[in-house]
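*Asks:* no sequence on this one, just coordinates:
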Ligand code: SF4
Ligand code: SF4
Ligand code: SF4
């Protein structure tokens, strides 16, 4: 697919803020459907995909969970892996494809959790709870 002169979302450099809808509000051609904040918070634009083989919980047997902590809908949960370790588990029914998990994941060059685009944007189930903590990526010592 060519992105020449088309907008696209790059989750390596940022993510779609749960509280924001600036692009919807400012698009001069109304190419983005005028929806309100509550509608936007449950509109799925993609689905998170987990690659366990790249996750540091699996590769280094170390605790992480940054993706789950950064998820505004709790679509990523940490489930028991082994010993004291937990590992991500995705509920696609409440994932909105915001990219918060991909952005915060410390694995390089490719993140262990990435977003696949959806052909049709559609509402998800209501999120389990609201995201409250603002995690700074600089806090991670990887
Ligand atoms: S709604 Fe998301 S994609 Fe649009 S301006 Fe805000 S953060 Fe960026
Ligand atoms: S799993 Fe990732 S893409 Fe889906 S809602 Fe949570 S942070 Fe956003
Ligand atoms: S942020 Fe990345 S490395 Fe950490 S648990 Fe999630 S997928 Fe694994």
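*Replies:* Nice, I can see it. From a predicted model like this one, the values you see are computed outputs, not experimental measurements. Ligands and ions are numbered 1, 2, ... in the order given.
*Asks:* Okay, buried residues for the top strand by length along the chain please.
*Replies:* Identified as the longest strand of the chain according to DSSP state E is strand 113-123. By 16 or more other Cβ atoms under 10 Å, the buried positions in strand 113-123 come out as 113-115. No exception for glycine: its C-beta is placed from N, CA and C like everyone else's.
*Asks:* Also stretch 8-17?
*Replies:* For stretch 8-17, the neighbour count (16+ other Cβ under 10 Å) marks 9, 11, 15-16 as buried.
*Asks:* do that stretch and ligand 1 meet?
*Replies:* Yes: Stretch 8-17 is in contact with ligand 1 by Cβ under 6 Å from any ligand atom, via 16-17.
*Asks:* Please see if that stretch touches ligand 2.
*Replies:* No: using Cβ under 6 Å from any ligand atom, stretch 8-17 never reaches ligand 2; the gap is at least 7.3 Å.
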